[in-house]
Structures are given as structure tokens and as C-alpha cells.
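Novice: Here you go, sequence then predicted model.
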Amino acid sequence: MVELEYRLIQDRYRKPLVMLESPLGNGQEIYPDALRRLAAELTKVADEAEARDMGKGYSPARRVVRF
């Protein structure tokens with residue numbers, strides 16, 4: 001199991017901000033709306049990974065997602 005450490009903080013304009021502190025986030029600060037978009041993209045990545053053919057002829061894939 002991987003732990004996700006985070007802090008609930010605010011930016012200089014007093015807007016809510018989340019700081020991801022574990023190796024999964026490496027200190028990245030992200031707003032709640034962007035965190036929701038990231039969660040949606042990660043769900044798509046997980047679905048894509050499960051849908052891939054892992055049989056003969058498998059080759060790794062690398063992709064970039066902008067959100």
C-alpha cells in the first residue's frame with residue numbers, strides 16, 4: 001500500500017490549496033479543482049492500463065496528459 005500524505009493549506013489570496021507531500025506528489029501544491037481533474041485523468045489512465053493487451057507482442061507505452 002502506498003501512502004498519500006497531504007496538507008490542507010491556503011494560498012496568498014486565501015483560496016484552498018492542497019500540498020501533496022508524499023513521493024506521489026513530491027511537495028506539489030494543487031488547487032481542489034485541479035486535484036479533481038487530476039483524479040479524473042488518473043482514473044482514465046487506470047482504465048487504459050487494464051484495457052491493454054498484456055499478451056504476446058506487449059510493448060510498454062508512455063503518454064503525457066495535459067490538464
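Specialist: It's in.
Novice: and the gap between the closest residue to K15 other than its chain neighbours and E41?
Specialist: Leaving aside its sequence neighbours, K15 sits nearest to Y31 (Cβ to Cβ, 6 or more residues apart in numbering; 6.8 Å). Quick note: C-beta positions are derived from backbone N, CA and C, even for glycine. According to Cβ to Cβ, to the nearest Å, Y31 stands 15 Å off from E41.
Novice: before we move on, back to that, is the residue nearest to K15 in contact with L17, as I believe?
Specialist: Yes: judged on Cβ atoms under 8 Å, Y31 makes contact with L17 at a distance of 6.0 Å.
Novice: Neighbour count for those two, which is higher?
Specialist: L17 (18 against 13; other Cβ atoms under 10 Å).
Novice: what's in contact with stretch 4-14?
Specialist: Contact with stretch 4-14 is made by 16-22, 24-25, 29, 31, as judged by Cβ atoms under 8 Å, 6 or more residues apart in numbering.
Novice: any chance of those residues in CSV, plus secondary structure, distance to R63 and pLDDT?
Specialist: CSV is the format used below for these (DSSP: H, G, I helix; E, B strand; the rest coil; distance: Cβ to Cβ, whole Å; pLDDT from 0 to 100):
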residue, secondary structure, distance to R63, pLDDT
P16, strand, 30, 89
L17, strand, 27, 89
V18, strand, 24, 86
M19, strand, 26, 87
L20, strand, 21, 84
E21, coil, 26, 83
S22, coil, 23, 75
L24, coil, 18, 70
G25, coil, 20, 74
E29, strand, 24, 90
Y31, coil, 24, 93
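Novice: which SS state does the closest residue to M19 other than its chain neighbours fall under?
Specialist: Once flanking residues are discounted, M19 sits nearest to R7: 4.4 Å by Cβ to Cβ, 6+ apart. Put simply, R7 is strand when judged by DSSP: H, G, I helix; E, B strand; the rest coil.
Novice: What count of nearby residues applies to R7?
Specialist: Look at R7: counted by other Cβ under 10 Å, it has 11 neighbours.
Novice: centre of the chain versus stretch 38-58, how much separation?
Specialist: Its chain's C-alpha centre and that of stretch 38-58 lie 14 Å apart, by Cα atoms, centre = their mean, to the nearest Å.
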